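Trainee: pasted the sequence and its predicted model underneath.
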Amino acid sequence: MGNSVELSAPKDLTLPANPGFTQLESNMAEEPKFYHPDPSVVEYATVKEYDALYQRSITDREGFWAEQAEALDWYKKWDRVLDDSNKPFFKWFTGAKTNIVQNAIDRHLVTRNRNKLAIIWEGEPGDVHSYSYHALNREVSRFANILKAMGVKKGEIVTLYMPQLPELVFGMLACAKIGAAHSVVYGGFSADALRDRINDAQSRVVITADGGYRRGKPVDLKSIANEALKHCPTVEVCICVQRTGQPVYMENDRDYWYHDLYKLPVASPKCETEPMDAEDMLFLLYTSGSTGKPKGLVHTHGGYQVYASTTHKMVFDIKPEDRYWCAADPGWITGHSYIVYGPLINGTTLILYEGAPNHPYPNRWWSMIEKYGINILYTSPTAVRGLMRFGESWPAKHDLSSLRLLGSVGEPINPEAWRWYHRVIGGGRCPIMDTWWQTETGGFMITPLPITPLKPGSATKPFFGNECAVVDDHGKEVGPGEEGSLVIKNPWPGMARTVYKDPDRYQETYWSRYAAQGWYTVGDSAKRDEDGYFWIIGRIDDVIKVSGYRLGTAEIESALVGHPAVSEAAAIALPHELKGNAIHCYVILRANQSPSEDLAESLKNQVADHLGKIARPDGIVFVDSLPKTRSGKIMRRVLKARALGQDEGDLSTLEE
Ligand code: WTA
């Protein structure tokens, strides 16, 4: 996910003198071992105890998940809960017929939820639209009928490249409703990144918008899409939602305005939901891995709907009257599971906000919490740290007493940010659900419940049904407080089923390291303490989390090597106070090139242009050689240790 907060305060405002740090320091001495939940939270909580239910969920995993699945609607129930006959390609709820839209929308239309607000959307300029479940159904049905009229068929993959507009949610649900799969590409990605993802998915139809608002300015999207589409031979149709009204180039016979299509008789507000097999693809979501090409992870209708809704309901203790805000972008897995699917399946009223957290002032989020009476706020440590910098006076202007629970995701949350979030935003009363999970897992894997005693910076314990461990290279569990590799020992319904068109890569990346034990390798290092609490340390593979956004060193390096001056490049992550990590690159120039400030700037731009602004490196270092293994692999860990002045570790495989 991720939510970057730019730190330039509006010009006419000076920052308050006390940014909250001093008080933090003085509180630190009294740090309790556990933060126990407020009695009001425990009293309110639906799940009142963890241990017994956890034990049951792992001794009878299939029984536990079957029970959760029973709470949803199915056109036809499953023959088997778990089919593990072809490991690691697990299948869940085989034989069942469903469609995630059946549960996210259709079932609410015959209950009191019909007239309940599903989505409250606020644009950055302050415009507001809200949709009841009834209205959501009409919008999604119209979009679905438009897609059908454009020839979209069951099983095909539609790419969406959108700002945070309600139409992004409608578009995702419309695809699912008619049995097409969606591939959402985050609106901050560049033309090249979009092009690669469209081509991998072979999309025939792309949905985009003219732009969106960010920090008071319209951001251009359509011209980036136009650039990408020059190199996407499979694309026949591009549907463009008008948001900003800025002039954009529309290609004849390919590009259509959504509002024009919406007026056609074919865009009727009635559309049947397509019954799907539980294991049919719901969506593809590209994410970065160790090697160059982003991988498209495949999630399916049946297991994913059970996992996203169960985790959302239990961890955020969702009640019918709640107003819930996940301030991520729908373009990331957090948005898929915890803005769109989990909340809608649970019949929740969700908030969607288009713009920046500090626009026009750093109290934007706090004012929205007050205005809408939000009960649950779920965001990233980067956003918390960014807003914390502006000081306590901004949240202090607002009544935040509606908040009951807070959430954090995307990267480890440092204890200072945790305590600030807890004390200043949560009024000391709202527990923080530090949810650890991944694009691959579909939903929370290690997370507190509202009743869990908390330790700042720890994601606490596994969610029901999951057995996690911290192990060494041989798969032996390490002792309390020792660092090791995090593994998951069991299948779960929300797990990604494969890498699109590349099952070998799925098996190799996640299931080969501990193949003998049949464990899933997470790619994170972690510790488990004497109380059995998990502490995530960070990625051990070549993935970098910047502001919670997930990037691959290989993608960054290949963008650099694409520059005419560069012969070789290595990218690493170094700690950054605000972003968690920042990208630093080591570059070997071609023979006729010499290092300069200007060249460093142009290399930074090169990466931003190829991948998106979030990937712009903080530092470029020109070097003559890179530490490599004898087989030619760059030893990024050595570069990192050197940059941090730390022990370089075992250098026996180093070539020179
Ligand atoms: C990191 C995001 C610490 C982790 C949902 C993981 C976290 C990667 C946490 C997945 C957390 C996510 N504490 N680290 N609460 N949540 N991570 O696929 O390194 O974008 O492997 O999914 O984010 O990133 P992804």
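Mentor: Everything's here; your move.

Trainee: pull up the residues of the chain that are close to the ligand.
Mentor: In this structure, the chain approaches the ligand at residues 1, 287, 332-334, 408-412, 434-439, 459, 523-524, 536, 539, 545, 550, judged by C-beta under 6 Å from any ligand atom. Heads up, the C-betas are built off the backbone N, CA and C, glycines and all.

Trainee: now with 8 Å, please.
Mentor: When proximity is defined as C-beta under 8 Å from any ligand atom, the chain approaches the ligand at 1-2, 287, 332-334, 381, 408-413, 434-441, 446-447, 459, 522-524, 536, 538-539, 543, 545, 548-550.

Trainee: are any of the residues you listed buried, and which?
Mentor: Among the residues of the chain next to the ligand, those classed as buried by neighbour count (16 or more other C-beta atoms under 10 Å) are 1-2, 287, 332-334, 381, 408-413, 434-441, 446-447, 459, 522-524, 536, 538-539, 543, 545, 548-550.

Trainee: in helices only, show me the residues of the chain next to the ligand.
Mentor: In helices, judged by DSSP state H, the following of the residues of the chain next to the ligand are found: 333-334, 381.

Trainee: got CSV for the residues you listed, with pLDDT too?
Mentor: Supplementary listing: those in CSV, determined by pLDDT from 0 to 100:
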residue, pLDDT
Ile333, 97
Thr334, 98
Pro381, 96
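
Trainee: want to throw the residues you listed into TSV with distance to His182?
Mentor: As requested, those are arranged in TSV below (distance: C-beta to C-beta, whole Å):
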residue	distance to His182
Ile333	13
Thr334	16
Pro381	28
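
Trainee: got the contact list for stretch 550-569?
Mentor: Where contact means C-beta atoms under 8 Å, 6 or more residues apart in numbering, the residues beyond stretch 550-569 that reach it are 287-292, 294, 439, 542-545, 570-572, 583, 585-590, 593, 599, 602-603, 606-607, 609-611, 614-615, 617, 626, 636.

Trainee: now do the helices in the stretch 501-650 of the chain.
Mentor: In the stretch 501-650 of the chain, the segments counted as helices under DSSP state H, counting those that start in this stretch are 503-511, 553-561, 597-611, 636-643.

Trainee: so of these, which one's packed in deepest?
Mentor: Mean neighbour count, computed with mean count of other C-beta atoms under 10 Å, is highest for helix 553-561 among the helices of the stretch 501-650 of the chain, reaching a mean of 22.

Trainee: tilt between it and helix 636-643?
Mentor: 80 degrees (axes from the mean of the first three to the mean of the last three C-alpha atoms, to 10 degrees).

Trainee: dump helix 553-561 to PDB, restricted to CA.
Mentor: Presented in PDB, the C-alpha positions along helix 553-561 are these (Å, rounded to 0.1, in the frame of the first residue of the first chain):
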ATOM      1  CA  THR A 553      15.800  -4.000  -6.900                       C
ATOM      2  CA  ALA A 554      15.900  -5.700 -10.300                       C
ATOM      3  CA  GLU A 555      13.300  -3.300 -11.800                       C
ATOM      4  CA  ILE A 556      15.200  -0.300 -10.500                       C
ATOM      5  CA  GLU A 557      18.500  -1.600 -11.800                       C
ATOM      6  CA  SER A 558      17.100  -2.400 -15.200                       C
ATOM      7  CA  ALA A 559      15.800   1.200 -15.500                       C
ATOM      8  CA  LEU A 560      19.300   2.500 -14.700                       C
ATOM      9  CA  VAL A 561      21.000   0.200 -17.200                       C
END
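
Trainee: what's the angle from it to helix 597-611?
Mentor: With the same axes, to 10 degrees as the criterion, the two stretches helix 553-561 and helix 597-611 enclose an angle of 130 degrees.

Trainee: would TSV of the helices of the stretch 501-650 of the chain with distance to Gly426 and mean pLDDT be doable?
Mentor: Written out in TSV, the entries for the helices of the stretch 501-650 of the chain read as follows (distance: least, C-beta to C-beta, whole Å; pLDDT from 0 to 100):
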stretch	distance to Gly426	mean pLDDT
helix 503-511	35	97
helix 553-561	36	93
helix 597-611	35	96
helix 636-643	34	91
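
Trainee: mind giving me a markdown table with the ones you listed and columns for distance to Leu454?
Mentor: Output for the helices of the stretch 501-650 of the chain, formatted as a markdown table (distance: least, C-beta to C-beta, whole Å):
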| stretch | distance to Leu454 |
| --- | --- |
| helix 503-511 | 29 |
| helix 553-561 | 33 |
| helix 597-611 | 35 |
| helix 636-643 | 30 |
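
Trainee: tell me the contacts of Ile572?
Mentor: By C-beta under 8 Å, 6+ apart, Ile572 lies in contact with 544, 553, 583-586, 636, 639-640, 643.

Trainee: repeat that with 6 Å
Mentor: For Ile572, the contacting residues are 584, 636, 639-640, by C-beta atoms under 6 Å, 6 or more residues apart in numbering.

Trainee: which of these sit farthest apart?
Mentor: Greatest spatial distance in those: His584 and Arg636, 10.3 Å, computed using C-beta to C-beta.

Trainee: distance of the residue lying closest to Gly457 once chain neighbours are set aside relative to the ligand?
Mentor: Sequence neighbours aside, Pro415 is the residue nearest to Gly457 in space, at 4.9 Å (criterion: C-beta to C-beta, 6 or more residues apart in numbering). From Pro415 over to the ligand the distance is 13 Å, taken as C-beta to the nearest ligand atom, to the nearest Å.

Trainee: check Val384 too.
Mentor: 12 Å.

Trainee: surely that residue is in contact with Tyr421?
Mentor: Yes. Taking C-beta atoms under 6 Å as the definition, Val384 is a contact partner of Tyr421 at 4.9 Å.

Trainee: list the beta-bridge partners for the closest residue in space to Cys468 that isn't next to it in sequence.
Mentor: Excluding its sequence neighbours, the residue lying closest to Cys468 (C-beta to C-beta, 6+ apart) is Pro462, at 4.8 Å. According to DSSP bridges, Ile446 are recorded as the beta-bridge partners of Pro462.

Trainee: neighbouring contacts of stretch 152-159?
Mentor: By C-beta under 6 Å, 6+ apart, the list of residues contacting stretch 152-159 reads 175, 179-183, 198, 201, 203, 205-206, 284.

Trainee: name the next helix or strand downstream of the single longest helix found in the chain, please.
Mentor: The helix that spans the most residues within the chain, counting by DSSP H, is helix 133-149. Toward the C-terminal end, the helix or strand that comes next after helix 133-149 (DSSP states H and E) is strand 157-161.

Trainee: beta partners for the nearest residue to Arg528 once chain neighbours are set aside?
Mentor: Counting by C-beta to C-beta, 6+ apart, Val470 is the residue found nearest to Arg528 once chain neighbours are left out, at 4.9 Å. Under DSSP bridges, the beta-bridge partners of Val470 are Leu486.

Trainee: so Val470 touches Gly484, yeah?
Mentor: Yes. Counting by C-beta under 6 Å, Val470 does reach Gly484; the two are 4.1 Å apart.

Trainee: and these two? Which one has more around it.
Mentor: Val470 (24 against 21; other C-beta atoms under 10 Å).

Trainee: mind checking pLDDT for that one?
Mentor: At Val470 the predicted local distance difference test score is 98.

Trainee: before we move on, what about Ser40?
Mentor: Here the pLDDT value assigned to Ser40 is 87.
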